[in-house]
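Student: Predicted coordinates and the sequence they were generated for:
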Amino acid sequence: SQQGEEDPQALSIQEGENATMNCSYKTSINNLQWYRQNSGRGLVHLILIRSNEREKHSGRLRVTLDTSKKSSSLLITASRAADTASYFCATDRNTGGFKTIFGAGTRLFVKA
Amino acid sequence: SQTIHQWPATLVQPVGSPLSLECTVEGTSNPNLYWYRQAAGRGLQLLFYSVGIGQISSEVPQNLSASRPQDRQFILSSKKLLLSDSGFYLCAWRGSSTGELFFGEGSRLTVL
């Protein structure tokens, strides 16, 4: 079953604009992660935010986490055509084996 | 450095035929290993995960099975494929210190 739900499902923006993607989840978590997938490829880890953190930055990426609302957002600033990909949030629950559950993803298209 | 390999990259199989997808990890020991399936344009569905040799947890009842005969080898199998088994299969290992998943390049299975 899927733990996270991304919003929007698809997003189309112009190069240079900011892209914001949201993720909601259902149960308590150890951490929340964001991944990127180019079409037909494996996923690449972007950033991890722990449950006791509220905000994290990595280059042009900014992630926020609100555990009271069970939600997270990924902001990509000054987007580039190369940012075109699908973005997934994933949550970790410590069940003895660390199950990582993914959402349905947001498909981002950045127009040059 | 750690690497993960999946094969075959693409596979076209008739309904009722057997399946074997293989995943190996190099450069790490006793990793948590995962098999995910991704339908076209959709998110990742966790199929199996393993915390050690011979230890397999199944997430979704289905006609697929997984085995871990060696520490860094994870195999996904089926005795008789169904049309619904078509999809993009992704193997991943978990970085124990960071919690992030590292994915292989995937195996695209088409069942006809």
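Tutor: Looks like it came in fine. Predicted model, so just to flag it, every value in this text is computed and none were measured. Numbers count the residues shown, from 1 in each chain, chains lettered A, B, ... in the order given.
Student: could you give me the average pLDDT of stretch A:87-105?
Tutor: In this model, stretch A:87-105 has a mean pLDDT of 83.
Student: Now do the end-to-end distance for that stretch.
Tutor: Chord length of stretch A:87-105, first to last residue, is 5 Å (CA to CA, to the nearest Å).
Student: Strands along chain B, start to end?
Tutor: Secondary structure of chain B, counting by DSSP state E: strands at B:3-7, B:10-13, B:19-26, B:32-38, B:44-52, B:55-58, B:64-70, B:73-78, B:87-94, B:101-103, B:107-111.
Student: and of the ones you listed, who's closest to A:Leu48?
Tutor: With CB to CB as the measure, strand B:101-103 is the member of the strands of chain B nearest A:Leu48 (10.1 Å). Bear in mind the C-beta positions are built from the backbone N, C-alpha and C, glycine included.
Student: quick one: strands adjacent to the closest one?
Tutor: When pairing is defined by DSSP bridges, strand B:101-103 lines up against strand B:87-94 (antiparallel).
Student: returning to what we had before: ok, which of the strands of chain B comes nearest A:Val44?
Tutor: Using CB to CB as the measure, strand B:101-103 is the one of those that comes nearest A:Val44, at 7.3 Å.
Student: Contacts for that closest one next, please.
Tutor: A:33, A:35, A:42-45, A:90, A:100, B:2, B:4, B:34, B:90-95 (CB atoms under 8 Å, 6 or more residues apart in numbering or on different chains).
Student: Around chain A, pick out the residues from chain B.
Tutor: Residues of chain B lying close to chain A by CB under 8 Å from any CB of the partner chain are B:32, B:34, B:36, B:41-46, B:49-51, B:57, B:59, B:88, B:90, B:92, B:94, B:98-106, B:108.
Student: ok, back up a step: so can I have a markdown table of the strands of chain B showing mean pLDDT and mean neighbour count?
Tutor: Putting the strands of chain B into a markdown table (pLDDT from 0 to 100; neighbours: other CB atoms under 10 Å in any protein chain shown) gives the following:
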| stretch | mean pLDDT | mean neighbour count |
| --- | --- | --- |
| strand B:3-7 | 95 | 17 |
| strand B:10-13 | 97 | 14 |
| strand B:19-26 | 97 | 18 |
| strand B:32-38 | 95 | 24 |
| strand B:44-52 | 93 | 21 |
| strand B:55-58 | 92 | 15 |
| strand B:64-70 | 96 | 16 |
| strand B:73-78 | 97 | 20 |
| strand B:87-94 | 96 | 24 |
| strand B:101-103 | 95 | 23 |
| strand B:107-111 | 97 | 18 |
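Student: Check the separation of the first and last residues in stretch A:10-27.
Tutor: Where stretch A:10-27 begins and where it ends lie 25 Å apart, using CA to CA.
Student: Can you name the residues that contact residue 67?
Tutor: Using chain A here. Neighbours of A:Thr67 in contact, by CB under 8 Å, 6+ apart: A:Ser28, A:Ile29, A:Ser51.
Student: was after chain B, sorry
Tutor: Contact partners of B:Ser67, counting by CB under 8 Å, 6+ apart, are B:Ile56, B:Phe74, B:Ile75, B:Ser77.
Student: Now do the strands in chain A.
Tutor: With DSSP E as the criterion, chain A has strands at A:5-7, A:10-14, A:19-24, A:31-37, A:43-50, A:55-58, A:61-66, A:71-76, A:85-93, A:99-102, A:106-111.
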